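>>> here is my input, please return the structure:
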Amino acid sequence: MAAADPLQAQFNKYASKTDATKKKAATLSEVTKWMKLNKVFKTNFTSNHLDICWAKHAVKKDGNILNYEVFKTKILPLCAEKYKVDHKCADVDAALNALIAELSKDVATKGATTANKGVTDRLTDTSKYTGAHKERFDESGKGKGKDGREERVENSGYVGNYKGQDTYDKSH
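Reported below is the predicted structural model:
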């Protein structure tokens, strides 16, 4: 069994996943993203040059998409001409091989970052809350639920949040 083409694997990774008819076909924006992540664009070979190459060969009626074979046989050789100038390759064939090698690399995309631990700890420590926020949690930090969010009318004759109820001397 022959080894899988790493360039085709990367092409399929960035190819459209939304429509079954576009399977194993990519749009211009997907290929541009792929090339930007691999840092292929420089001074002479830019995304504008890719746009021009793409416009010559893309199937307009299918939503401006290209399959892998057209991409490899028609788009990459046109891109290699400009890539050769930026990367000082000896000829177009060497530039094409260098471009294919660069695009065959698996580039790690940036994922979500973790929050600043100090800030998160400060904001989630209920013992440091003041004012109305302090009333929503008990001493252990557990929320009081509806009791902590609502002002309940008790009609006891005392103002809200008065803690000294029933502490007066009844002998007077």
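>>> pull out the buried positions in the helix or strand harbouring Val119.
Element membership of Val119, judged by DSSP states H and E, is helix 117-124. Under the neighbour-count criterion of 16 or more other CB atoms under 10 Å, helix 117-124 has nothing buried. Heads up, the C-betas are built off the backbone N, CA and C, glycines and all.
>>> now do it: distance to the chain's middle.
Distance of helix 117-124 from the chain centroid (CA atoms, centre = their mean, to the nearest Å) equals 24 Å.
>>> tell me which residues are up against that helix.
Under the contact criterion CB atoms under 8 Å, 6 or more residues apart in numbering, helix 117-124 has outside partners Lys128.
>>> give the next helix or strand downstream of it.
helix 131-134.
>>> how's the chain carved up into domains?
6-104, 118-148 (automatic domain parsing).
>>> for this structure, which segments count as helices?
Shown for the chain, the helices assigned by DSSP state H span residues 6-14, 28-37, 47-57, 68-70, 76-87, 92-104, 117-124, 131-134, 146-149.
>>> now for the closest residue to Asp91 other than its chain neighbours, how many residues are close by?
Distance criterion CB to CB, 6 or more residues apart in numbering; nearest residue to Asp91, sequence neighbours excluded, is Lys84 at 7.1 Å. Close neighbours of Lys84, defined as other CB atoms under 10 Å, add up to 21.
>>> in this structure, where is pLDDT below threshold?
1-3, 17-23, 61-62, 109-112, 148, 172 (pLDDT under 70).
>>> what do you get if the cut-off is 80, keeping everything else the same?
1-4, 16-24, 58-64, 107-116, 123-124, 126, 131-141, 143-162, 166, 168-172 (pLDDT under 80).
>>> distance of Thr124 from Phe45?
Distance of Thr124 to Phe45, computed by CB to CB, to the nearest Å: 49 Å.
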